[in-house]
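> give the three-dimensional model of this entry:
(chains A and B)
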Amino acid sequence: NAGVTQTPKFQVLKTGQSMTLQCAQDMNHEYMSWYRQDPGMGLRLIHYSVGAGITDQGEVPNGYNVSRSTTEDFPLRLLSAAPSQTSVYFCASSYFSGGTPEQYFGPGTRLTVT
Amino acid sequence: AQTVTQSQPEMSVQEAETVTLSCTYDTSESDYYLFWYKQPPSRQMILVIRQEAYKQQNATENRFSVNFQKAAKSFSLKISDSQLGDAAMYFCAYKKGAQKLVFGQGTRLTINP
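As a prediction, this is how the structure comes out:
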């Protein structure tokens, strides 16, 4: 049981480049989400999904896209990277209904946009 | 909208002593969950303790316990017998049912040997 996995762990992009951050979980959780963590601002929700084929925006969705084609995977796409997207990104998963309510987090991806 | 406030950006404690981290939240709901997460320098978010709002009894996990005051909307974390490995950022978080997790801004805890 690997829990929540994220790749890559580190990434450097140039302004305007695009990339996809990968997230997978093997706990059969319906709910998956992406957060960004900036100094002094805690974790802010970017996008979330309550099941395959269902996604919705969180607090800071601009500049990011998501899709959920399977229960296990929830990739986050940066369409045209900007320096303001320099941050640490976390993927998390949990049960949507029933089960324990806490979210399980991946190890994070540190992204730098120059 | 629900908000979570941690009023102590930084705290420090001597090894083996007890420290309390504060958290207040704002909600009009009666049934919800509260969490404390620990984030060590490795960046991994680790669940420390969970409290269900409908339970009057304060949650405990070994050296970690909470003081849950529902009417005051307060949820503090007490760490007893502090150890060097407890040094980390601590985040308080709120969750209503299947809705999103709302985080406070965090408290950086330093343990002095």
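> which parts of chain A sit against chain B?
Within chain A, the positions near chain B by CB under 8 Å from any CB of the partner chain are A:31, A:33, A:40-45, A:48, A:50, A:58, A:88, A:90, A:92, A:96-97, A:100-105, A:107-108, A:110. C-beta coordinates here come from the backbone N, C-alpha and C atoms, glycine included.
> show the buried residues in these.
A:31, A:33, A:42-45, A:48, A:50, A:58, A:88, A:90, A:92, A:96, A:101-105, A:107-108 (16 or more other CB atoms under 10 Å in any protein chain shown).
> quick check: bridge partners of the closest residue to chain B within chain A?
Across chain A, no residue is closer to chain B than residue A:105, which sits at 3.8 Å (CB to the nearest CB). Counting by DSSP bridges, residue A:105 is bridged to residue A:92.
> before we move on, what about the one 5 residues further on?
On DSSP bridges, the residues paired with residue A:110 through beta bridges are residue A:10, residue A:88.
> please name the residues that touch it.
A:9-11, A:88, B:43 (CB atoms under 8 Å, 6 or more residues apart in numbering or on different chains).
> tally up the residues packed near the residue in chain B that chain A sits nearest to, please.
With CB to the nearest CB, the shortest gap between chain B and chain A falls at residue B:45, namely 3.8 Å. Using other CB atoms under 10 Å in any protein chain shown, residue B:45 has 25 neighbouring residues.
> OK, contacts around the closest residue to it other than its chain neighbours?
Nearest residue to residue B:45 in three dimensions, chain neighbours excluded: residue A:105, at 3.8 Å (CB to CB, 6 or more residues apart in numbering or on different chains). Going by CB under 8 Å, 6+ apart, residue A:105 touches A:4, A:90-92, B:37, B:44-45.
> and the gap between residue A:105 and residue A:53?
Going from residue A:105 to residue A:53 by CB to CB, to the nearest Å gives 23 Å.
> ditto for residue A:60
As judged by CB to CB, residue A:60 and residue A:53 stand 23 Å apart.
> and what of residue B:8?
To residue A:53, residue B:8 is 42 Å away according to CB to CB.
> mind listing what the residue nearest in space to the middle of chain B touches?
Residue closest to the mean C-alpha point of chain B, counted by CA atoms, centre = their mean, is residue B:36 at 3.4 Å. Residue B:36 makes contact with B:21, B:23, B:47-49, B:64, B:66, B:75, B:77, B:90-93, according to CB under 8 Å, 6+ apart.
> how about residue B:52?
Counting by CB under 8 Å, 6+ apart, residue B:52 touches residue B:33.
> thanks again, I'm all set now.
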